[in-house]
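[1] Sequence and predicted structure, then a few things I'm wondering about:
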Amino acid sequence: MSDSSKNDLPPRARGGVPPGTTPNGRSGLLIDWGGVLTTNLFTSFHEYCVRMEIDPAELGKRFSADPEFREMLISLEKGAMDELAFEQRFAELLGVPSDGLIDGLFAGVQPDVAMVEAVRAAHDAGIRTALVSNSWGVHRYPHDVLAEIFDGLVISGEEGTRKPAKRMYELGAERAGVAAELCVFVDDLPFNLTPAEELGMATVHHTSAETTIPALEELLGVALG
């Protein structure tokens with residue numbers, strides 16, 4: 001896991017460039033979906049709590065300090081637990097109805113148009129692209145859009161593994177058709193960046209399109225705006 005000082009660096013400062021490789025030598029872009037190519041997931045989760053009249057801090061505790069919930073979430077993201085079973089068990093923990101729980105949590109999530117179009121521009125410019133995403137089920141992705149902007153997809157629920165397992169990043173590079181050390185990886189969770197860096201990828205910690213897009217332009221050597 002990265003230390004806190006490294007996580008606080010601005011996006012373009014994270015990740016190194018291998019010796020003998022210029023920033024413009026990067027030819028692959030691996031990127032997360034939720035929270036990177038979409039609006040903030042936790043904002044949507046908060047809105048769900050307000051609608052359901054439950055304390056948002058209660059949901060936060062489940063993510064940060066509840067081993068039972070973490071085990072459930074990992075199983076869901078790996079595809080080992082189906083959505084209905086997850087919703088029923090999670091609803092019991094939160095004290096809410098189970099029907100439509102996942103859809104309710106994600107109701108406020110929308111594509112980040114600037115980021116999606118930046119990936120499209122990279123792809124159109126010849127950069128090889130792959131989605132590397134931990135999934136809450138696999139049917140909520142806009143597969144028509146993904147087919148237009150990605151050369152390969154790595155979705156945890158279809159692979160039986162999840163970030164930060166190195167295999168997710170290796171599959172991303174393989175499906176993009178680019179050596180790992182020539183890839184840039186983007187994620188909104190800092191601990192998901194570490195395995196990519198260990199494989200030789202440059203990384204960008206996404207906090208907003210306004211910082212991520214210029215960082216990618218510098219690393220990939222293409223205009224994305």
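    Done, it's in.
[2] tell me the domain ranges of the chain?
    Split into domains by automatic domain parsing, the chain comes to 4-39+111-220, 41-105.
[3] Pick the most deeply packed of the ones you listed.
    domain 4-39+111-220 (a mean of 19; mean count of other Cβ atoms under 10 Å). Every residue, glycine included, has its C-beta placed from N, CA and C.
[4] what does the average pLDDT come to for that one?
    The pLDDT scores in domain 4-39+111-220 average 89.
[5] Please compute how far that domain lies from its chain's middle.
    The chain centroid and the centroid of domain 4-39+111-220 are separated by 8 Å under Cα atoms, centre = their mean, to the nearest Å.
[6] And the helices in the protein?
    Ranges of helices in the chain, per DSSP state H, are 4-7, 41-52, 56-65, 67-78, 83-94, 101-105, 113-124, 143-149, 156-159, 166-176, 194-198, 209-220.
[7] Contacts for the second one next, please.
    What that stands for is helix 41-52. 34-35, 55-56, 58-59, 94, 96, 104-109 (Cβ atoms under 8 Å, 6 or more residues apart in numbering).
[8] Now do Ala196 against Val184, distance only.
    Remark: distance between Ala196 and Val184 (Cβ to Cβ, to the nearest Å) = 9 Å.
[9] Dump the contacts of helix 41-52 into JSON lines; add distance to Met115 as well.
    Listed next are the contacts of helix 41-52 as JSON lines, based on distance: Cβ to Cβ, whole Å:
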{"residue": "Gly34", "distance to Met115": "12"}
{"residue": "Gly35", "distance to Met115": "10"}
{"residue": "Asp55", "distance to Met115": "31"}
{"residue": "Pro56", "distance to Met115": "25"}
{"residue": "Glu58", "distance to Met115": "30"}
{"residue": "Leu59", "distance to Met115": "25"}
{"residue": "Leu94", "distance to Met115": "30"}
{"residue": "Val96", "distance to Met115": "31"}
{"residue": "Gly104", "distance to Met115": "24"}
{"residue": "Leu105", "distance to Met115": "21"}
{"residue": "Phe106", "distance to Met115": "17"}
{"residue": "Ala107", "distance to Met115": "20"}
{"residue": "Gly108", "distance to Met115": "17"}
{"residue": "Val109", "distance to Met115": "13"}
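[10] tell me which of these is nearest to Ala147?
    For those, the closest approach to Ala147 (Cβ to Cβ) belongs to Gly34, at 18.3 Å.
[11] circling back to that earlier point, and Ala130, which of the helices of the chain is closest to it?
    Across those, closest to Ala130 is helix 166-176 (Cβ to Cβ), at 4.0 Å.
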